[in-house]
Structures are given as C-alpha cells and as structure tokens.
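Student: Take this sequence and fold it.
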Amino acid sequence: MAYRKRNRAIYSILILVCVIGFWLFENFYTPATYSNNNVGADSNNFPKELLPSSTTGEVVDHSYFSLSYNEPFEQAEWVAYVLDKKNLTYDDRKRPYFIEDPYVKSKSADWRNYKGSGYDRGHLVPAGDRRFSSQAYNETFYTSNISPQDREFNAGIWNDLEQQTRRWAKKHGILYVYTGGVLEEGLEEIGQEDVDVPDAFYKIIARKKGNQIITISFLIPNKPQFSPLRNFIVSIDDIEKETGIDFFETLPVKEQDEFEKQKNASGFKF
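Tutor: Purely as a prediction, here's the structure:
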C-alpha cells in the first residue's frame, strides 16, 4: 500500500514538473536570432532608390528584406523585398519559432499577443517566397514581419494574391513587392502589448521594363472575401492617401505621376 502511494506521489511530481517545464518553455524560451549581419549587405538587393518613406524613421534592413516598424501599432507599416524568379524554389524547410526582432530598437511585439485572439499571425513577406535558403526562410518568422489577419482572409484571397505574385515573378523575372496593413487610430487591439488589427491590407507590385516602372496595387479589407482579385485593384495614390506613406519618394515627381495614378492590370496579366 505504501509502495503504491509512493509511486502515485512520484507520478504526480513528474506530471507537475512537465507542466511547469512546458509553461516555462512556452512563455520564456526565445531561440537565437536568425539574421547574420555579415550576409545582409550583399544579399538584400532591394534598390535603395525604390524604398518607401518611413513615417517613424525606424527602418530595418534584414538579409533578404527591409521594413519600417511602427511601434505604437506594434507591427511594420511596410515590408519591401525582391521576388526573383530564380529564387522561387520548393525546398522543404523546417518551420521555426516566431521570435522578436532584435534589430528593431524597441523589439517587435511578442508572438504570444496573438494567442487566443482569433487572428492569424499573418506573414507580410511570405515564408513561401523565401524557401531558397534557411536564413531567408527563418527571417520571415520575426514578429516584425507579421500582422493580425482574419483566418479566412489569410487562407483565402490573401493567399491567392501571394500565389498570383509568384506567377508574375516566374513570367517577368524580378518583382519589387511592398506589403503592409493600413495603420490608423481606433483599430481593434489584441494582446498585452495592444497589437493593432488593420481593417485592410495593401500590396504593391512593381517591375522594370527598360526605363519604365510598371505597377499593380491592391487594397483588400481584412475579412473573408468572395470576389476576384481584380475587384481590389487600386492606384498607388489611393494607398498613399490611406497610409501616409510615399512609396517612390526619391523618384522625380513627374515619373511617379505616370504610374502612381494608374488603376489597371495592363502590365500584369491574370
């Protein structure tokens, strides 16, 4: 009888240790940083003259993408990256942990803000666009690269747009992609750090054709959608009015005007 009681006590202690260990792992474990600054200068080949303005001045250059972090909203106001046809691979990558971005001065929001919120940790730079190397893939799991997205939106029309963007890259070779949520006052907030939930997300896709820049832009409400992507095409001017961001600020105004006011898909066939 005493032997059984002793065994039960041991089992109870082991279970308690496991529960405590799991809780500590979930709440306090943070893996090592993913970025390698020695790689960044050569591999992040986004043209500096095409980077957008930053409303916060908090621009971070990672090895394979750049971002402007907006601390009050606890997410990036834009990410910018090159989508190159030759880098679109189907390599099988182990999904890493989401971790805070150590290169954001204030650090980015903890991924635990999303737990139980009902929203997905929506990638801005898609992990699927960065399978060509483990570092490129892992960097997309910085929390500076995620934003709260409705699950049906994320798995539905947003996923459709990401796949369509890859098809355009395969056709045209090199694309310059800008993505973010529309950040404004009065948004719903989640988690202890009050991560804002954008009501809409935008994506601007640009390519060069000789001396011309050809673009297509989308602005899509952050909720389930049942209309084709074409219905969400807007002009870059429209997105700039919504976000307060100048997406081609270093280009001559006349050159910007030529493509920023356009609202069509003439250079990007579906």
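
Student: does residue 203 really touch residue 179, like I thought?
Tutor: Yes - applying C-beta atoms under 8 Å, one finds residue 203 in contact with residue 179, separated by 4.9 Å. In short, each C-beta sits where N, CA and C put it, glycine included.

Student: between these two, which one's more packed in?
Tutor: Using other C-beta atoms under 10 Å as the criterion, residue 203 and residue 179 rank with residue 179 on top: 28 against 21.

Student: Tell me which residues touch that one, please.
Tutor: With contact taken as C-beta atoms under 8 Å, 6 or more residues apart in numbering, residue 179 is in contact with 78, 79, 124, 125, 201, 202, 203, 204.

Student: And what about it, helix, strand or coil?
Tutor: strand (DSSP: H, G, I helix; E, B strand; the rest coil).

Student: Check residue 176 too.
Tutor: Taking three-state DSSP as the rule, one finds residue 176 in the strand state.

Student: distance of it from residue 115?
Tutor: 34 Å (C-beta to C-beta, to the nearest Å).

Student: Please narrow the contacts of residue 179 to those residing in strands.
Tutor: Residues of those located in strands (DSSP state E): 78, 79, 201, 202, 203, 204.

Student: Just put those in JSON lines and tack on distance to residue 172 and pLDDT.
Tutor: Formatted as JSON lines, the entries for the ones in strands among the contacts of residue 179 read as follows, by distance: C-beta to C-beta, whole Å; pLDDT from 0 to 100:
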{"residue": "78", "distance to residue 172": "22", "pLDDT": "98"}
{"residue": "79", "distance to residue 172": "20", "pLDDT": "98"}
{"residue": "201", "distance to residue 172": "23", "pLDDT": "98"}
{"residue": "202", "distance to residue 172": "20", "pLDDT": "98"}
{"residue": "203", "distance to residue 172": "16", "pLDDT": "98"}
{"residue": "204", "distance to residue 172": "15", "pLDDT": "98"}
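
Student: ok, back up a step: just the buried ones from the contacts of residue 179, in ChimeraX syntax?
Tutor: The ChimeraX selection below is limited to those of these classed as buried (16 or more other C-beta atoms under 10 Å):
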select :78,79,124,125,201,202,203,204
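
Student: Could I get the contacts of residue 179 in CSV, plus columns for distance to residue 224?
Tutor: Putting the contacts of residue 179 into CSV (distance: C-beta to C-beta, whole Å) gives the following:
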residue, distance to residue 224
78, 24
79, 24
124, 20
125, 23
201, 13
202, 18
203, 18
204, 23
